[in-house]
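*Asks:* Sequence first, then the predicted structure, then my questions.
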Amino acid sequence: MRSFGTEISGNRGKQAELSPEQRAGICSALDAGVSASKLAVEYACHRSTIYRTRERFLEQKNTSSRPRTGRPPIFNERARKYIYLQARRNPLWSYKRLGANSPGHPSRTTIRRIYKA
């Protein structure tokens, strides 16, 4: 629980990811001799996060985020452009018909997502 009088930071929520700038600030502050406990209070994170940030910087020599997992895109940019142009050329076609006449036969939802983007 936060003690009375401490400033509430609206920049970062609880358990939110540190930005590359914040990570760089942590590493430079540790080099300058600031304690990990003070940095943990300042950045509203656990002391182990400060140490882990420092270790990751020493190993990887950068402060960027790691790539996120997730399903890879089904269609590349060329296929998306083709579907979009088909929809523009044939404005009376339904999503179902567009999907039937497109490579890979995407679903109506995928066609809609491509067209609305």
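*Replies:* Happy to help now that I have it. Treat the numbers as computed from the prediction; the structure is a model and nothing was measured. Residues are numbered from 1 along each chain as shown.
*Asks:* element containing the spatially most central residue of the chain?
*Replies:* In the chain, the residue lying closest to the centroid (C-alpha atoms, centre = their mean) is residue 68, at 7.2 Å. Assigned by DSSP states H and E, residue 68 falls within no helix or strand.
*Asks:* One more: residue 105?
*Replies:* Per DSSP H and E, there is no helix or strand for residue 105.
*Asks:* all helices for this protein, in order.
*Replies:* For the chain, the helices defined by DSSP state H cover 20-31, 36-42, 47-60, 77-89, 95-100, 108-116.
*Asks:* Average pLDDT for the last one, rounded please.
*Replies:* Right, helix 108-116. Average pLDDT, helix 108-116: 89.
*Asks:* Kindly export stretch 26-39 (C-alpha atoms) in CSV.
*Replies:* Once non-C-alpha atoms are left out, stretch 26-39 reads as follows in CSV (Å, rounded to 0.1, in the frame of the first residue of the first chain):
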residue,chain,number,x,y,z
ILE,A,26,17.8,2.3,-14.6
CYS,A,27,21.1,1.0,-16.1
SER,A,28,22.7,4.5,-16.0
ALA,A,29,21.5,5.1,-12.5
LEU,A,30,22.9,1.8,-11.3
ASP,A,31,26.2,2.8,-13.0
ALA,A,32,26.1,6.1,-11.1
GLY,A,33,25.8,4.3,-7.8
VAL,A,34,22.1,4.6,-7.0
SER,A,35,20.8,1.7,-5.0
ALA,A,36,18.4,-0.8,-6.5
SER,A,37,15.9,-0.2,-3.7
LYS,A,38,15.7,3.5,-4.4
LEU,A,39,15.2,2.8,-8.1
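*Asks:* Run through who's touching that stretch.
*Replies:* The contact list for stretch 26-39 (C-beta atoms under 8 Å, 6 or more residues apart in numbering) reads 18, 43, 47, 50-51, 53-54, 57, 63. (Glycine included, C-beta is placed from N, CA and C.)
*Asks:* can you do 7 Å?
*Replies:* Here stretch 26-39 makes contact (C-beta atoms under 7 Å, 6 or more residues apart in numbering) with 43, 47, 50-51, 53-54, 57, 63.
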